[in-house]
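S.K.: model this:
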Amino acid sequence: MGGDLDDYGGYIVKSLEGGYMISGDYVQSNFPNPQKIYGWLIKIDALGNVEWDKKYQYINNANNGFWTGLMQLPDS
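M.R.: Presented below is the predicted three-dimensional model:
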């Protein structure tokens, strides 16, 4: 599902609506341009089907730790 380089899943939690939320990193390379690193959130249903995913570009490609923790708030 990711790009042409390594992607990293780092954290998974059961969502309040059912299914799961996964956070991690997505690494993209557009040769010869430098790599871009994104934080990545994925919502899957109980069967593993992707409901949505969203990538967030890190500032200056610094890994800001999307893969180190995840918490769903009561208002979803």
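
S.K.: what's near enough to touch Ile42?
M.R.: Met1, Met21, Ile22, Ser23, Gly24, Val50, Trp52, Asp53 (C-beta atoms under 8 Å, 6 or more residues apart in numbering). (C-beta placed from N, C-alpha, C; glycine too.)

S.K.: buried set for the helix or strand where Ile42 lies?
M.R.: Using DSSP states H and E, Ile42 maps to strand 36-44. Neighbour counts over strand 36-44 (16 or more other C-beta atoms under 10 Å) mark Lys36, Ile37, Tyr38, Gly39, Trp40, Leu41, Ile42, Lys43, Ile44 as buried.

S.K.: closest to Tyr58 among those?
M.R.: Ile37 (5.4 Å; C-beta to C-beta).

S.K.: pretty sure that closest one sits against Tyr58.
M.R.: Yes: if you go by C-beta atoms under 8 Å, Ile37 and Tyr58 touch, sitting 5.4 Å apart.

S.K.: quick revisit: which among the buried residues of strand 36-44 gets closest to Asp75?
M.R.: Lys43 (15.2 Å).

S.K.: could you find the closest non-adjacent residue to that closest one?
M.R.: Residue nearest to Lys43 in three dimensions, not counting chain neighbours: Glu51, with 4.5 Å by C-beta to C-beta, 6 or more residues apart in numbering.

S.K.: the one you found - how many residues pack around it?
M.R.: 13 (other C-beta atoms under 10 Å).

S.K.: so which pair among the buried residues of strand 36-44 is furthest apart in space?
M.R.: Top of the distance list for these (C-beta to C-beta): Lys36 and Ile44, 23.8 Å.
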